[in-house]
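Asker: Take this sequence and fold it.
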Amino acid sequence: VAVHDWGAVDGIYYMVMEFVRGRAVRDLLSAQGRLEPAPAADVLRQTLLALEHAHHQGIVHRDVKPENILVTTDGVVKVADFGLARAYADGRQTQAGTVTGTVQYLAPEQIRGEPADPRSDLYSLGIVGFELLTGRLPFTGETAMAIAYKHLSDRVPRPSAVAADVPADMDAFVASATERDRELRPESAAEMRRDLESIGRELLPARSLRDLVADATPVVTLPTAESEGSSEAGTTTVTIRVERARRRRLRRFVGVVLVLVALAAAAWGAWTYLLPHTTEVPTFAHTSLEDARSQLEDAGFGVKIARGQYDLKVPEGEVLSVQPSAGTLLDHGTIVTLTPSLGPRSLELPALGGLTLERAKQQLVEAHFRFGGISRRASEQIPEGRVIDTRPAGSGTAPEQSAVTLILSTGPPPRPVPNVVSKDMADAVSMLQAQGFHVTVLRKFSDRIPLDQVISQDPGANVERPYGSEVTLTVSKGPKAFPVGTYIGLSKDAAIAQIRADGLVPSVSYVPNGVSGNVVGQSPDPGTTVHPGDTIQIFVA
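Answerer: Predicted structure coming up:
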């Protein structure tokens, strides 16, 4: 608020200040009960502009409250009453223990008697923000000391705990401004204003400050001054000749008139002082718009229907809010504004196919939906553990914050194991891998199965196994071959025993004229490759 002049007359100081046509924010709260988030943010934003200017000049207001914030008929906010303001540098010299300001809005450091700085004004404005959004103060008590103690020891509640339509960003804005430790608050009014402007762009449209001021400003009819003039005074001489009977009739008439006047005065007094002329605005929890309109009209109020607003908790067609708020005493004929709920917004579901579980959950939250659990289904195309689809389907729409189920792939469905026994190893491995199985090959000597043919498989043929499971093949190494050892020099019996131990068949021939009884030769020769069951001929002398 601009100051045009100041001075003193006979030791009495005066200030000539700008006349603001409009209402204080306190009057708006009294008329509306509380403000919608959008106009509340507008009041806070413009107030921060004023505080930003004052702080830049080195001035701390020290008494920010709704009574000191004015709104013109054009919706312009002006900060008034710098009566407690001090230069920031001088404020550091405030005597310890001195508390100035209104206790409901004081920052903790002011209550402790510490010097105020620009962040003290930001705390007070945070309290004002809570009151604008909820219609009530965060801390109340029977004494100023009780309220001051709560500022020092308690956190300011979330506005949405009182008014459900307050968005989370406004909760965070109030919480940041009302941190008990000033070091945790925004660094300046400019920074706090920039935060608020980014939040304000996301708020739902509501009535402008200009309209709210117009509703809160009473219509005053000024008396019309009559032109003054002089009227001639005349003297009328009335000569009354009343007979005694006529005087009695006159006395009776006067008595009747006096009785009527007394009765009229009593009736007027009863009407004025005994009979109520105000009615409390009803509460409309879970009430349809038409029922609420009927209740208000039956109670003698005028009804105005505001533009509907989306809301997550109040079903479509029910009353979302009422202005002035429920419980307010109003004269008959006062206009009460009902805001209907449009229910949750209908939003398009995001396409989540092929994403991991964590990434899909994150995108659901970013799209303003809730994670509603997991369902699983086999898929030939989508790898195991990734999202196939959602329920409701991802190509459609669903109400904001509704639960969405994620359908995860379990990989391809189980399939029968093909029969590869007696097939060539390379062909068998190729067939199994084409069906999605992992193959392990074991080799084994076989006298019956040719080299590199499959002897057996595990699991067996046509047994259903999960995609990617393991199949073990036993593949023939052919007959076992080894170099024959030497039996020369052994006795006949010892040689026969050793040949049999090697898996071979002994055949004995005798050398003529031999006398030693020992083996002197063998066929095939030592080191020759043989197979189990081959015949070894030994020559005994």
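
Asker: where does this protein have low pLDDT?
Answerer: Along the chain, the model assigns pLDDT under 70 to residues 83-101, 217-249, 268-277, 394-395, 514.

Asker: can you give me the helices for it?
Answerer: Across the chain, reading from the start of the chain, the helices by DSSP state H fall at 25-32, 37-56, 88-91, 108-111, 118-134, 144-153, 168-177, 189-200, 209-216, 244-269, 289-298, 357-366, 425-434, 492-501.

Asker: mind putting those in CSV, distance to Gln537 and mean neighbour count included?
Answerer: Quick note: C-beta positions are derived from backbone N, CA and C, even for glycine. Compiled in CSV, those are given as follows (distance: least, C-beta to C-beta, whole Å; neighbours: other C-beta atoms under 10 Å):
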stretch, distance to Gln537, mean neighbour count
helix 25-32, 121, 20
helix 37-56, 109, 21
helix 88-91, 120, 15
helix 108-111, 112, 20
helix 118-134, 111, 25
helix 144-153, 110, 15
helix 168-177, 99, 19
helix 189-200, 103, 18
helix 209-216, 121, 19
helix 244-269, 149, 10
helix 289-298, 114, 16
helix 357-366, 74, 14
helix 425-434, 37, 15
helix 492-501, 10, 16
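
Asker: so which of the ones you listed gets nearest Val454?
Answerer: Proximity to Val454 (C-beta to C-beta) singles out helix 425-434 among the helices of the chain, at 5.0 Å.

Asker: I'd assumed Glu52 was in contact with His61.
Answerer: No - using C-beta atoms under 8 Å, His61 and Glu52 do not qualify as a contacting pair, with a distance of 11.6 Å.

Asker: could the helices of the chain go into a markdown table alongside distance to Arg345?
Answerer: Formatted as a markdown table, the entries for the helices of the chain read as follows, by distance: least, C-beta to C-beta, whole Å:
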| stretch | distance to Arg345 |
| --- | --- |
| helix 25-32 | 26 |
| helix 37-56 | 16 |
| helix 88-91 | 46 |
| helix 108-111 | 40 |
| helix 118-134 | 21 |
| helix 144-153 | 37 |
| helix 168-177 | 16 |
| helix 189-200 | 18 |
| helix 209-216 | 25 |
| helix 244-269 | 55 |
| helix 289-298 | 19 |
| helix 357-366 | 15 |
| helix 425-434 | 50 |
| helix 492-501 | 89 |
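
Asker: how about these, which one is nearest Pro459?
Answerer: helix 425-434 (10.9 Å).

Asker: For stretch 417-430, output the C-alpha coordinates as CSV.
Answerer: Once side chains and other backbone atoms are set aside, the C-alpha atoms of stretch 417-430 remain, and they are given as CSV (Å, rounded to 0.1, in the frame of the first residue of the first chain):
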residue,chain,number,x,y,z
VAL,A,417,10.0,-83.5,-25.9
PRO,A,418,10.5,-85.0,-29.4
ASN,A,419,11.8,-88.6,-29.8
VAL,A,420,15.4,-88.5,-30.9
VAL,A,421,16.6,-92.0,-29.9
SER,A,422,18.6,-93.7,-32.7
LYS,A,423,19.0,-90.4,-34.5
ASP,A,424,22.4,-88.9,-35.3
MET,A,425,23.6,-86.7,-32.5
ALA,A,426,23.7,-83.5,-34.6
ASP,A,427,20.2,-84.0,-35.9
ALA,A,428,18.9,-84.8,-32.4
VAL,A,429,20.5,-81.6,-30.9
SER,A,430,19.1,-79.4,-33.7
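
Asker: From the rest of the structure, what touches it?
Answerer: Applying C-beta atoms under 8 Å, 6 or more residues apart in numbering, the set of residues contacting stretch 417-430 from outside is 431-432, 435, 437, 439, 441, 449, 452-457, 459-465, 471, 473, 475.
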